[in-house]
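K.L.:
Mind folding the following:
(2 chains)
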Protein chains: 2
Amino acid sequence: MTRRKKVRIKDIAKELNISYSAVSQAINHPREVSRQTVKNVLAKCQELGYVKILSNKKRKGAIGIIAQDIYNLAIGEFYNFVLKGVLEECQKRKIRLEVEFLPEGGLPLMISNNTVDGVLLFGKITKDLALALKQKGLPMLLVGHPIPHVELHTVMVDGRAGMHDVTRHLLDLGHKKIALIYSKPIYDYITADRMEGYRTALTEARLKIRDEYIVEAYWCEPISAYNATKSLLKMKDRPTAIIYMNDTMAYRSYKAFAEEGVKIPKDISIAGFDDMPLPDYVWPFKPTLTSVGVDREMIGKTSVDVLMNLTENPSKLALRYTLPVELRVKESTAKT
Amino acid sequence: MTRRKKVRIKDIAKELNISYSAVSQAINHPREVSRQTVKNVLAKCQELGYVKILSNKKRKGAIGIIAQDIYNLAIGEFYNFVLKGVLEECQKRKIRLEVEFLPEGGLPLMISNNTVDGVLLFGKITKDLALALKQKGLPMLLVGHPIPHVELHTVMVDGRAGMHDVTRHLLDLGHKKIALIYSKPIYDYITADRMEGYRTALTEARLKIRDEYIVEAYWCEPISAYNATKSLLKMKDRPTAIIYMNDTMAYRSYKAFAEEGVKIPKDISIAGFDDMPLPDYVWPFKPTLTSVGVDREMIGKTSVDVLMNLTENPSKLALRYTLPVELRVKESTAKT
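P.N.:
Below is the predicted model:
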């Protein structure tokens, strides 16, 4: 991990050829100086990678979670376990935790009231919000979802490696016609990353990538995965394996196979991504689903760890902290 | 709503025949006065129902959620929607929200750091924690789960009425042999309240309450409801209807009926409680389940509303705010 020299207020002042106190005022009391000075200072802060470090005395002993999609703070099947990890880690470290739902963007209360030492951004957030927060100079971490062309520290899982491994697993079982049901939008970082893993594995195996085997669905509408599955099963040159970009899309599709009389894994192999535990009241889907294990509580714990480090040792470089994933072979994949 | 005269520091001082400042110190800076004084003052505060009111200047603009079971803050199927309601209400009112997982009890950080104006206690908490928090004199609200013999403001749903309504519905359909699968422990307030509704409806219909039709299971182990269902189906004098104390126990039991070749609602009627929405990736259980609708987001919104009121107008009387529930008849109940 490369760590460059810390940028200090005096460095900003020197670069702009203005006084130390003018820079300090622009950062800490922007209404006390001219708009142009604030603008120049913030631009220079961003250019040089200045991060405001609170003295121990000024520390709040609290961190925050901000999400623009309320399902990432409550209910959602992925981030609920990430939140569990964060709650447990905060409890262990005796850090308080604020949570804020910010549907419209704008400045979060925890930022304008200055009540936290750093912020975790849960899930997809708009580029505008990310840039607005970045300007505040507070330690900040994207959790789960990078934003293209915005340099921010990010904790994520290795989607590419996971998708590569599961595709490789199917190739090893002799499959040559491997379809992929992905989630739109195709340019989304998570989707693009996972698709890259699929393509790489096929290319390594010297197989042609067949566009008709790559079918669009949408995470938020699991029925779309069911429809995509039906369309694949109706093809003349039907695939012998289907990979779903997450487990929920795969689970929603079990019914499509049953309706078409296609047996898993005898007639077709299927695999998911996330290895998501089902709620207790749902009987396990049979056959059990081969998937890529993602330790979501570990994402939460690691995020707290990285954020707390950033509050003490800010890094100018926006790093990506990628957590490993693990192929978990179960009953839904077999030799073709 | 009865509202008594506000208890002030001077009232406590008068009762104990000590100075105003001694009482104030005991409440605000307990280490500055003798232990005995603190003890006497806190006991008197509790007796008279003193609640610390913050001046607007001292307000934090934040409330907190504390839970001893992490599933009530993340993952859990009931409180996730309550949390959603709280998050949305806080966003609307521009109140910050702290959340804290407190597995061992002890003093929460948000209390010892004095960062919130009031606290919501999510789900079941120990009597010890409730009493310790109550002594702090901060506005406080139990959400969802009363604690017997501890007088605290409580927001809850009308479990008794809901269970009465669903039992009445089955009686109206001609059922006379109505079983109940409840969750242990039987002395838990939620269980006792719902069971009371069941008993009352049967008694009103002049039916004998048959102990063998009241079978124990456990919310946290839905398989126990499946087993309880099997035991009821194996009885010589089998019930014609089964009520489950929540939906998850009912859903887990669908398989038991299928295995025994018992058709719902032709051979038996069943009903649940909560009218819980299923996650998107689970196909709806068929036939759809008659249940008692509980608006969980409304529990969250109401809790914020009541708590904010309490921070401004403390009530000495610990009130119970009971939200109505609604019978929702679907396909799983029919005439016998």
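K.L.:
tell me the mean pLDDT for stretch A:35-45?
P.N.:
Mean pLDDT, computed over stretch A:35-45, is 83.
K.L.:
do you know how far A:Val262 is from B:Ile181?
P.N.:
Applying C-beta to C-beta, to the nearest Å, the value for A:Val262 to B:Ile181 is 37 Å. (Glycine included, C-beta is placed from N, CA and C.)
K.L.:
who's more crowded, these two?
P.N.:
Per other C-beta atoms under 10 Å in any protein chain shown, whichever of A:Val262 and B:Ile181 has more neighbours is B:Ile181, with 27 against 15.
K.L.:
for that one, phi and psi?
P.N.:
Dihedral angles of B:Ile181 (phi, psi; degrees, to the nearest 10) stand at phi -100, psi 110.
K.L.:
and if you look at A:Lys316?
P.N.:
phi -70, psi -40.
K.L.:
ok, for it, nearest residue in space, not its chain neighbours?
P.N.:
Counting by C-beta to C-beta, 6 or more residues apart in numbering or on different chains, A:Lys316 lies nearest to A:Gly49, which is 3.1 Å off, once chain neighbours are set aside.
K.L.:
Kindly report the same for A:Phe257.
P.N.:
A:Ile264 (5.8 Å).
K.L.:
can you list the domain ranges for chain A.
P.N.:
In the domain annotation for chain A, the residue ranges read A:9-48, A:56-157+A:296-326, A:159-294 (automatic domain parsing).
K.L.:
So for the shortest one, what gets flagged as buried?
P.N.:
If you call a residue buried by 16 or more other C-beta atoms under 10 Å in any protein chain shown, then domain A:9-48 has these buried ones: A:9, A:11-13, A:16, A:18, A:22-27, A:33, A:37-38, A:40-42, A:44-45.
K.L.:
From the residues you listed, which land in helices?
P.N.:
Members of the buried residues of domain A:9-48 lying in helices (criterion: DSSP state H): A:9, A:11-13, A:16, A:22-27, A:37-38, A:40-42, A:44-45.
K.L.:
In the stretch 101-250 of chain A, which residue sits closest to chain B?
P.N.:
A:Thr248 (3.8 Å; C-beta to the nearest C-beta).
K.L.:
Can you report how many residues neighbour that residue?
P.N.:
24.
K.L.:
That one touches A:Glu221, doesn't it?
P.N.:
No. Counting by C-beta atoms under 8 Å, A:Thr248 does not reach A:Glu221; the two are 10.3 Å apart.
K.L.:
Next, show the common contact partners of the two.
P.N.:
B:Asp280 (C-beta atoms under 8 Å, 6 or more residues apart in numbering or on different chains).
K.L.:
Now the terminal residues of stretch A:273-281, how far apart.
P.N.:
Using C-alpha to C-alpha, to the nearest Å, the end-to-end distance of stretch A:273-281 comes to 21 Å.
K.L.:
If we go by neighbour counts, what in stretch A:112-126 is buried?
P.N.:
If you call a residue buried by 16+ other C-beta under 10 Å, then stretch A:112-126 has these buried ones: A:115-125.
K.L.:
Now intersect those with the strands, please.
P.N.:
Judged by DSSP state E, strands contain the following of those: A:119-122.
K.L.:
Distance to chain B and pLDDT for those residues - can I get that in a markdown table?
P.N.:
Converted to a markdown table, these look like this (distance: C-beta to the nearest C-beta, whole Å; pLDDT from 0 to 100):
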| residue | distance to chain B | pLDDT |
| --- | --- | --- |
| A:Val119 | 13 | 97 |
| A:Leu120 | 13 | 98 |
| A:Leu121 | 15 | 97 |
| A:Phe122 | 12 | 96 |
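K.L.:
would you list those in CSV and tack on distance to A:Glu326?
P.N.:
Shown next, in CSV, are these (distance: C-beta to C-beta, whole Å):
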residue, distance to A:Glu326
A:Val119, 29
A:Leu120, 24
A:Leu121, 26
A:Phe122, 23
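K.L.:
ok, A:His145 touching A:Tyr189?
P.N.:
Yes. Using C-beta under 8 Å, A:His145 is in contact with A:Tyr189, at 6.7 Å.
K.L.:
so where is chain A shaky, pLDDT-wise?
P.N.:
Along chain A, the parts satisfying pLDDT under 70 run over A:1-5, A:31, A:51-57.
K.L.:
For the residue positioned nearest the centre of it, give me its contacts.
P.N.:
Nearest to the geometric centre of chain A sits A:Gly144, at 1.7 Å (C-alpha atoms, centre = their mean). A:Gly144 is in contact with A:78-79, A:82, A:122-123, A:155-157, A:299, counting by C-beta under 8 Å, 6+ apart.
K.L.:
Among those, which lie within strands?
P.N.:
The strands, defined by DSSP E, take in A:122, A:155-157 from the contacts of A:Gly144.
K.L.:
Tabulate these (TSV), appending distance to B:Val306.
P.N.:
Putting these into TSV (distance: C-beta to C-beta, whole Å) gives the following:
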residue	distance to B:Val306
A:Phe122	28
A:Val155	37
A:Met156	40
A:Val157	40
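K.L.:
which of those residues tops the neighbour count?
P.N.:
Compared across these, A:Phe122 has the highest neighbour count, 28 neighbours, by other C-beta under 10 Å.
K.L.:
shouldn't that one be in contact with A:Leu73?
P.N.:
Yes. Under the criterion of C-beta under 8 Å, A:Phe122 makes contact with A:Leu73 at 6.6 Å.
K.L.:
Spit out the residues that contact the two alike.
P.N.:
A:65, A:67, A:79, A:83.
K.L.:
Count the residues that sit near A:Pro239.
P.N.:
When neighbours are defined as other C-beta under 10 Å, A:Pro239 has 23 of them.
K.L.:
Three-state assignment for it, please.
P.N.:
Under DSSP: H, G, I helix; E, B strand; the rest coil, the three-state class of A:Pro239 is coil.
K.L.:
Look up the closest residue to it, ignoring the ones flanking it.
P.N.:
A:Ala179 (3.8 Å).
K.L.:
cool, and A:Lys230?
P.N.:
That would be A:Ala256: by C-beta to C-beta, 6+ apart, it lies 5.1 Å from A:Lys230.
K.L.:
what's the closest of the contacts of A:Gly144 to A:Val329?
P.N.:
The nearest member of the contacts of A:Gly144 to A:Val329, counting by C-beta to C-beta, is A:Val157 at 18.4 Å.
K.L.:
is it true that that closest one touches A:Thr302?
P.N.:
No. Shown here, A:Val157 and A:Thr302 do not form a contact pair, counting by C-beta under 8 Å, at 10.2 Å.
K.L.:
Mutual contacts of these two, please.
P.N.:
Taking C-beta under 8 Å, 6+ apart as the criterion, A:Val157 and A:Thr302 both touch A:Leu323.
K.L.:
OK, contacts around A:Ala228?
P.N.:
Neighbouring residues of A:Ala228 by C-beta under 8 Å, 6+ apart: A:181, A:215-217, A:253.
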